[in-house]
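Undergrad: only the shape, not the letters, is given here:
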């Protein structure tokens, strides 16, 4: 399976600031996704990162708050903008390679705490 | 409506025994996929096992097997010979596919504790 590097692994930020999380894959993948996991909760899809075009956002998530880029088939970034304590979560990148029944594989996640 | 239901917030098992983690799902699509992931306290999501809706046999991967009962819409994970390192959160997820895209819908998870 693809090797996924996600940076930073954790950060503590001040409210009102923004943080960009990077996701790098060691091979070309079909699809890249960004998930959020709030404390003690399950994972929720934020958006699908589309190469060379705007991301596809799920209900409840907007581009102004979570801008996403995917300039090529192996790299994507998620920015958490104007952060508040409610944004304290684990943010996870996942990738999907081609092939029937292939699972999404996840990066190690970014633990984000907002003071 | 919740599409993936995991009714066991927490489970305990003795080391070397088998344990079953429950998962039921809801979909009207004839083609779907079911996944189990493990999340240790360190936070990473580890893929364990996959079951396709058209698969004739239950999936197995080492000590993990999936008890797939399509008519009952259940996809329970069975872990045999539990080890201390199996202590983690376990999430059941269903793949939804549409228009060339897809997403995973996760259940709330089950926290498994393996006792020595």
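TA: That came through fine. Computed from a prediction, not measured in an experiment: that's the story for all the values here.

Undergrad: worst-scoring helix or strand of chain B, pLDDT-wise?
TA: Least confident element among the helices and strands of chain B, by mean pLDDT, DSSP states H and E: strand B:101-106 (a mean of 87).

Undergrad: briefly note if that one comes near chain A.
TA: Yes: Strand B:101-106 is in contact with chain A by CB under 8 Å from any CB of the partner chain, via B:101-104, B:106. Quick note: C-beta positions are derived from backbone N, CA and C, even for glycine.

Undergrad: the strands in chain B, which residues?
TA: Along chain B, the segments classed as strands by DSSP state E run B:4-5, B:10-14, B:19-21, B:24-25, B:33-39, B:46-52, B:60-61, B:64-69, B:74-79, B:88-98, B:101-106, B:110-115.

Undergrad: lowest average pLDDT across those?
TA: The minimum mean pLDDT among the strands of chain B belongs to strand B:101-106 (a mean of 87).

Undergrad: and the contacts of it?
TA: A:31, A:33, A:42-45, A:48, A:56, A:58, A:94, A:96, A:104, B:3-4, B:35, B:37, B:91-96 (CB atoms under 8 Å, 6 or more residues apart in numbering or on different chains).

Undergrad: strand partners (parallel or antiparallel) of it?
TA: Applying DSSP bridges to the sheet, strand B:101-106 is found paired with strand B:88-98 (antiparallel).

Undergrad: I figured residue A:106 hits residue B:44, correct?
TA: Yes: counting by CB atoms under 8 Å, residue A:106 does reach residue B:44; the two are 6.5 Å apart.

Undergrad: tell me which of the two has more neighbours.
TA: Using other CB atoms under 10 Å in any protein chain shown as the criterion, residue A:106 and residue B:44 rank with residue A:106 on top: 24 against 16.

Undergrad: list the contacts of the nearest residue to the more buried one once chain neighbours are set aside.
TA: What sits nearest to residue A:106 in space, not counting adjacent residues and going by CB to CB, 6 or more residues apart in numbering or on different chains, is residue B:45, at 3.8 Å. Contacts for residue B:45 (CB under 8 Å, 6+ apart) come out as A:43, A:92, A:94, A:106, A:109, B:37-39, B:91.

Undergrad: how about residue B:50?
TA: Contacts for residue B:50 were tallied using CB under 8 Å, 6+ apart; they are A:101, A:103, B:33-35, B:59.

Undergrad: most widely separated two among these?
TA: Greatest spacing in these, by CB to CB: A:103 and B:59 (11.3 Å).

Undergrad: hmm, back to that, top of the contacts of residue B:50 by neighbour count?
TA: That'd be residue B:34 among those, by other CB under 10 Å, with 25 neighbours.
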